[in-house]
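Engineer: below are the sequence and a predicted model; questions follow.
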Amino acid sequence: MKIQILGSGCANCHKVEETAKQAIAQMAIDAQVELVTDMQTIMRYGVLQTPGIVIDDNVVSTGRVPALSQMVTLIADSIARQGT
């Protein structure tokens, strides 16, 4: 699983990145987290409000900093979608 955090590299982006790392550790899953600051890449996903969260090339959140429990839900929902 690949989780990308899209943003300028601001404090909120780093907070979302850390929350994603905590979530994958809590869930004990194999995933990599990447902070993407390239504006062309961000625009390619159609993200207008950062931070954005992309899981396996699907935008799952934009413009907010989810709590750990919300991040776990976003990841779990993505895993469930892959299983269908």
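Structural biologist: Noted; the coordinates are in hand. None of these values were measured; they are calculated from a predicted model.
Engineer: what about D77, distance to P66?
Structural biologist: D77 sits 12 Å away from P66, taking CB to CB, to the nearest Å as the criterion. For every residue, glycine as well, the C-beta is placed using N, CA and C.
Engineer: helix, strand or coil for the spatially most central residue of the chain?
Structural biologist: Centroid-nearest residue in the chain, with CA atoms, centre = their mean: I53, separated by 3.0 Å. Under DSSP: H, G, I helix; E, B strand; the rest coil, I53 falls in the strand class.
Engineer: contact partners for it?
Structural biologist: Contacts here follow CB atoms under 8 Å, 6 or more residues apart in numbering; on that basis I53 touches 3-6, 16, 20, 59-62, 66, 71, 74.
Engineer: which residues of the chain fall in helices?
Structural biologist: Per DSSP state H, the chain carries helices over the ranges 11-27, 39-44, 68-83.
Engineer: for the ones you listed, which one ends up most surrounded?
Structural biologist: Comparing the helices of the chain by mean neighbour count (mean count of other CB atoms under 10 Å), helix 11-27 ranks first with a mean of 17.
Engineer: what angle do it and helix 68-83 make?
Structural biologist: Comparing the axes of helix 11-27 and helix 68-83 via axes from the mean of the first three to the mean of the last three CA atoms, to 10 degrees yields an angle of 70 degrees.
Engineer: what is helix 11-27 packed up against?
Structural biologist: Counting contacts by 3 or more CB pairs under 8 Å, 6 or more residues apart in numbering; DSSP states H and E, helix 11-27 packs against strand 2-6, strand 32-36, helix 68-83.
Engineer: what angle sits between the longest one and strand 2-6?
Structural biologist: What it means is helix 68-83. For helix 68-83 against strand 2-6, the angle between stretch directions is 130 degrees (the same axes, to 10 degrees).
Engineer: what do you get for the second one?
Structural biologist: Compare the direction of strand 32-36 with that of strand 2-6 by the same axes, to 10 degrees and you get 20 degrees.
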